[in-house]
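Undergrad: could you look at this predicted model? Sequence included:
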Amino acid sequence: MSSARTLRKTKMTVTISSDVACEIDKIARKKKSPRSQVMEEMLRDALLKSKKRAIEK
């Protein structure tokens, strides 16, 4: 099945404070998801909100 949208994965290295890492770990444990997936979802949500705010201006 062909998708109109191509998914490209990019590897990132980031440094985050321990309190942020702990919160991400808590969310990952609650969702029973890998930490990387939780961080990807958080980034995607932030980007969507940012785009929405830019459009509304």
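TA: That came through, no problem.

Undergrad: so what touches whichever helix in the chain runs longest?
TA: With secondary structure taken from DSSP state H, the chain has its longest helix at helix 35-56. With Cβ atoms under 8 Å, 6 or more residues apart in numbering as the test, helix 35-56 has contacts from Ile24, Asp25, Ile27, Ala28, Lys31. Bear in mind the C-beta positions are built from the backbone N, C-alpha and C, glycine included.

Undergrad: also stretch 10-24?
TA: Arg35, Val38, Met39, Met42.

Undergrad: how about JSON lines for the contacts of helix 35-56, with secondary structure, neighbour count and distance to Ser17 added?
TA: Below are these laid out as JSON lines (DSSP: H, G, I helix; E, B strand; the rest coil; neighbours: other Cβ atoms under 10 Å; distance: Cβ to Cβ, whole Å):
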{"residue": "Ile24", "secondary structure": "helix", "neighbour count": "16", "distance to Ser17": "11"}
{"residue": "Asp25", "secondary structure": "helix", "neighbour count": "12", "distance to Ser17": "13"}
{"residue": "Ile27", "secondary structure": "helix", "neighbour count": "15", "distance to Ser17": "16"}
{"residue": "Ala28", "secondary structure": "helix", "neighbour count": "16", "distance to Ser17": "17"}
{"residue": "Lys31", "secondary structure": "helix", "neighbour count": "11", "distance to Ser17": "21"}
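
Undergrad: could those residues be laid out in TSV, adding pLDDT?
TA: Compiled in TSV, the contacts of helix 35-56 are given as follows (pLDDT from 0 to 100):
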residue	pLDDT
Ile24	96
Asp25	97
Ile27	96
Ala28	97
Lys31	96
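
Undergrad: good, wrapping up.
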